[in-house]
Structure formats: C-alpha cells, structure tokens
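In: got a sequence here, can you model it:
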Amino acid sequence: MSPPTVVAVAPASPGARAGLQPGDEILSIDGERPRDVIQWRLLTDEPDLSLEVRRGGLDFELGVPKAAGEPLGAEVHSALFDAVRTCDNHCEFCFIYQLPPGLRPSLYLKDDDYRLSFLYGNFTTLTRFTELDLERVVSERLSPLNVSIHATDPDVRARMLRNRRGATSLRWLRALLDHDIEVHGQVVVCPGVNDGRVLDDTLTGVLDEYPELASLCVVPLGVSRHSHEAAMRPHTRDEAAAVVDAVERSQTMFHRAVGRRLAFAADEYYLLAGRPFPPAATYEGFPMHEDGIGMARAFEAELFGEVDEPIGVQPGFFAWVDGAPATGYRAPRRGDEPEVGRRRAPVAVITGEYGARVLVPLLARLGRDDVRVVPVRNEFFGGNIAVTGLLVGSDVARTLASEPSGARYLLPDVCLSNGRFLDGTRPADLPRAVEIVATDGVALRRAIER
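Out: Numbering: from 1, shown residues only. The predicted model follows:
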C-alpha cells in the first residue's frame with residue numbers, strides 16, 4: 001500500500017497554514033494509515049490533526065490546527081492507496097477485452113471494487129464482496145452504489161460472468177438494500193443470451209426480489225472490431241425494439257407495484273429501434289443520466305434553457321483510471337487545454353455518430369445557419385461503437401483534416417481524460433484548433449452564443 005501523496009494545497013487552508021506541500025507523502029493521520037480517499041476524508045474531517053509526513057526521504061510530525069468538519073485543503077494523487085480490487089469475472093461482453101493492443105496499461109485494468117462504485121459510479125458485480133465490505137458500506141453509509149445484475153436467474157448470470165460466484169453474489173445486493181443503501185442496477189443485454197424471455201424474467205425478478213432498487217438501466221452491449229467472442233454481436237433493429245417494448249411493459253408493472261417506473265432503456269435502444277425518446281418526465285429525475293439513460297431529453301432541456309444548470313454529468317469511459325479527481329465521479333473533468341477559436345465564426349460541433357442523430361434536429365431548432373454538426377465515425381474501435389465518449393484523437397483528426405479552417409470547432413470534454421484521448425493523443429495534435437466544452441446542453445448553448 002502506497003501512502004497518499006499531496007498534489008495540491010489550497011491557499012490559506014489549514015494544510016497550507018501548517019506548511020503542507022505538494023509532494024508530501026502522508027504516512028498516517030492521527031496514527032491511522034488511510035487506505036483510500038474515503039478514509040482520508042473521514043480522518044481529515046476531525047479537528048487538530050497530527051500528520052506523519054515524509055518529505056524528501058525524511059519523516060516528521062506535522063500538527064494541523066483546524067476545526068471539526070473544516071477541509072484540510074489538500075488534494076491527493078489517487079482515490080485508492082492500496083491495491084484496486086480487480087475483477088475475476090470473464091464476461092464475454094466485457095469491453096476491456098475488446099480494446100486494441102498498445103494503449104496505456106491503466107486502460108486494461110478491470111476493477112470490481114465497491115469503493116470505485118461509490119466514488120466514480122463504476123459498476124460492481126459483487127462477486128468479490130465480503131462481510132467486511134458490507135460492514136464498512138453500512139457503517140460509513142457508502143451510498144449510492146452501482147451493481148451489475150445482467151440476469152436474476154442464477155445460472156444465466158453465472159454463465160454471463162463466467163464465474164460460478166455469479167450465481168450467488170446477488171445475495172449481497174439483497175443485504176445492501178436491507179440496510180437502506182441506495183443501489184442502482186444495470187442489465188447489459190446481449191442478443192441471444194439475456195434478451196427475450198430472460199430479460200422479461202429479469203425484470204420480473206427485480207420486482208420480486210429487489211423492488212427497493214433506486215433504478216435499473218437496461219443498456220446494449222458494445223462490440224468493437226477487436227472482439228474475439230463469436231457469440232457477441234450488435235442488436236438488430238427488431239431486437240432493439242423488443243428490448244424497448246419489454247422495458248416499457250415493465251415500467252407499467254413497476255409503477256403499479258412500487259409507484260415508480262424504476263427500469264429504463266438506454267437512449268441507444270431508441271436510436272437503434274428508430275423510435276422517439278420518451279418525454280423527459282418519464283425518466284423520473286434522470287437517476288442514471290451518466291449511464292446513457294435519458295441523456296437526449298436532458299440535453300434538450302439544457303440546450304433550450306428549460307434548466308439553468310446541467311441535469312447530470314457524463315464522466316467518460318475509463319475516467320477513474322486516468323486523471324479523474326479523487327473527489328469522485330461528479331467532479332469536473334475538463335481538459336487542461338486552453339479554449340481557442342474565433343468569436344462570431346461559424347460553429348461546428350464535433351460528436352459521435354449517435355450524438356449526431358440527437359444533435360442535428362436539436363440544433364436545427366435554433367434557427368442558426370452558422371451552426372452545424374461534424375459527426376466522427378469511430379474507426380479506432382469499429383464495430384457498433386458510436387458513442388461520443390469513445391472517440392479518439394486519430395478519428396477526430398482524420399475527420400477534421402477535411403474540414404475547412406476558420407470555424408470554431410467545439411470538442412466535448414467527455415472524449416478526454418486528463419487532457420488526453422483514449423489513444424493517447426491530445427487536442428493540440430489535431431489539425432484544427434478546438435474549443436473544449438463540457439458535455440451538456442447548457443455549456444453548448446453558452447459556447448454557441450459567445
């Protein structure tokens with residue numbers, strides 16, 4: 001376990017007044033060695049801290065006078081100071097297995113860590129969850145958590161996870177709900193595996209066994225051209241429509257039983273099925289916005305000023321391993337490149353193919369002939385990968401190379417993690433200057449109006 005390393009100290013904070021510096025390693029706080037940023041927060045929330053610090057190879061004690069609840073004012077290098085709890089499932093639909101070779105090593109790490117679920121919204125299967133984990137979650141109220149369900153039939157779930165513990169690990173979901181922990185569930189639907197009757201049984205099983213779930217998102221699997229699983233394939237239009245129908249039937253069932261819709265189909269399904277998105281009110285506050293549920297309707301409300309602040313955040317893929325702030329997945333993830341471009345120039349919004357299908361009709365309603373969409377085809381991953389969050393610099397560069405100069409090219413920040421695309425390139429490497437804009441309708445509206 002490596003000690004937390006200070007990367008920034010807020011001016012005039014208790015840490016700064018006590019002499020804490022970037023680069024300091026914190027060996028202990030009041031005699032306790034934190035193993036993650038969750039414990040860090042709890043320990044540093046106490047008054048009048050005693051820190052054991054290592055600086056330049058020398059260890060010393062540092063007293064920090066402060067009030068209870070007053071922030072220490074120090075940001076540390078990572079969310080976890082001990083080892084990440086890795087995933088021992090071997091799901092055939094796992095996107096990590098579908099990454100091309102040669103990317104930075106951090107992207108290939110599979111986690112199944114409930115702490116990252118709490119901090120960043122990652123999904124855990126609970127196959128490595130233990131009694132000690134349950135005790136900590138309950139005692140520290142680590143809520144909400146996100147849990148991958150996929151199927152409530154034990155045999156189907158075990159086969160999908162390729163892990164025999166998949167048949168029994170949902171007992172931990174029941175235990176979490178029994179202790180009033182807020183949990184959001186997910187079903188990744190694989191055609192011919194857990195769709196059709198299995199999906200119907202799963203939706204019914206959630207009502208029977210886990211009706212306290214805060215929400216259940218039903219999402220399609222992504223299949224890149226690097227997949228080696230012959231059974232994994234994209235949905236057909238009819239299959240996507242069948243999933244939408246199943247989810248909407250279940251919403252009626254859930255609403256009658258528990259007073260809310262509970263289950264929601266991802267926006268991708270409506271695009272694949274060629275159906276209009278449900279009204280915004282259908283999403284009941286957009287509880288799983290960051291998982292692609294209701295994102296189009298939320299973006300519409302943001303773009304046209306129906307709300308003053310973004311409804312949710314879209315943290316981006318692999319955000320937790322590459323530069324995501326330790327404060328959690330709802331913290332800002334803007335790149336560090338300066339915004340550039342010419343005011344009053346034509347505006348071109350860079351987006352993925354799915355994003356283009358949402359943005360084109362919305363931007364047309366603005367009545368601006370100087371605003372257009374630049375869709376980018378994802379050749380890096382290939383397959384059915386068309387979401388904006390998986391765009392890489394090489395594909396954006398290829399597209400921009402044929403675009404005219406003189407426009408303001410707006411790049412959504414969901415493509416970036418710590419200023420880099422997934423392929424390691426940076427916005428500065430692109431053939432056209434871009435402005436990095438937060439991935440929400442409010443930010444886009446403000447950028448267009450500048």
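In: please, where are all the helices along the chain?
Out: 14-18, 37-44, 114-120, 131-140, 154-161, 171-178, 196-209, 237-258, 267-273, 295-303, 353-364, 393-400, 441-449 (DSSP state H).
In: deepest-packed of the ones you listed, please.
Out: Counting by mean count of other CB atoms under 10 Å, helix 114-120 has the highest mean neighbour count of the helices of the chain, with a mean of 24. The C-beta positions use only the backbone N, C-alpha and C, and glycine is treated the same way.
In: average model confidence for that one?
Out: Averaged across helix 114-120, the pLDDT comes to 91.
In: so which elements touch that helix?
Out: helix 37-44, strand 123-124, helix 131-140, strand 145-148 (3 or more CB pairs under 8 Å, 6 or more residues apart in numbering; DSSP states H and E).
In: can you give the contact residues for stretch 237-257?
Out: The contact list for stretch 237-257, computed with CB atoms under 8 Å, 6 or more residues apart in numbering, reads 189, 191, 195-196, 199-200, 203-204, 207, 211, 218, 220, 235, 260-265, 269-270, 272-275, 282.
In: what about 6 Å?
Out: Outside stretch 237-257, the residues that touch it by CB atoms under 6 Å, 6 or more residues apart in numbering are 189, 191, 199-200, 203, 207, 218, 261-263, 265, 269, 272-273.
In: got it, and stretch 397-411?
Out: 341, 345-350, 376, 430-432, 434-437, 447.
In: what is the nearest of those to I29?
Out: Nearest to I29 among the contacts of stretch 397-411, counting by CB to CB, is I436 at 35.9 Å.
In: do you know how far the closest one is from E212?
Out: Going from I436 to E212 by CB to CB, to the nearest Å gives 40 Å.
In: neighbour count winner among these two?
Out: More crowded of I436 and E212, by other CB atoms under 10 Å: I436, with 22 against 16.
In: what about that one, distance to I385?
Out: Distance, I436 to I385, using CB to CB: 22 Å.
In: what of S106?
Out: On the measure of CB to CB, S106 and I385 end up 20 Å apart.
In: what pLDDT does the nearest residue to E212 once chain neighbours are set aside get?
Out: Nearest-residue entry for E212: L177, 4.4 Å, with adjacent residues in sequence omitted and distances by CB to CB, 6 or more residues apart in numbering. For L177, the pLDDT comes out at 98.
In: quick check: closest non-adjacent residue to P34.
Out: W40 (4.6 Å).
In: thought the one you found was touching D30?
Out: No: using CB atoms under 6 Å, W40 is not in contact with D30; the gap is 11.9 Å.
In: in the sheet, who's paired with D111?
Out: T86 (DSSP bridges).
In: and it, how many neighbours?
Out: D111, neighbours per other CB under 10 Å, totals 21.
In: how far away is it from S148?
Out: Noted for D111: a distance of 12 Å to S148, by CB to CB.
In: and A364, by the same measure?
Out: 38 Å.
In: repeat for A241
Out: 24 Å.
In: then A231?
Out: Counting by CB to CB, the gap from A231 to S148 is 19 Å.
In: neighbour-wise, which of these two wins?
Out: Neighbours were counted for A231 and for S148 using other CB under 10 Å; S148 has more, 24 against 11.
In: ok, the more buried one - contacts?
Out: F123, T125, Q186.
In: how near is it to G259?
Out: For S148, the distance to G259 - CB to CB - is 25 Å.
In: P375 now?
Out: Distance of P375 to G259, computed by CB to CB: 40 Å.
In: which residues touch stretch 301-313?
Out: Contact with stretch 301-313 is made by A280, F286, H289, E290, A298, R330, L362, D440, G441, V442, R445, as judged by CB under 6 Å, 6+ apart.
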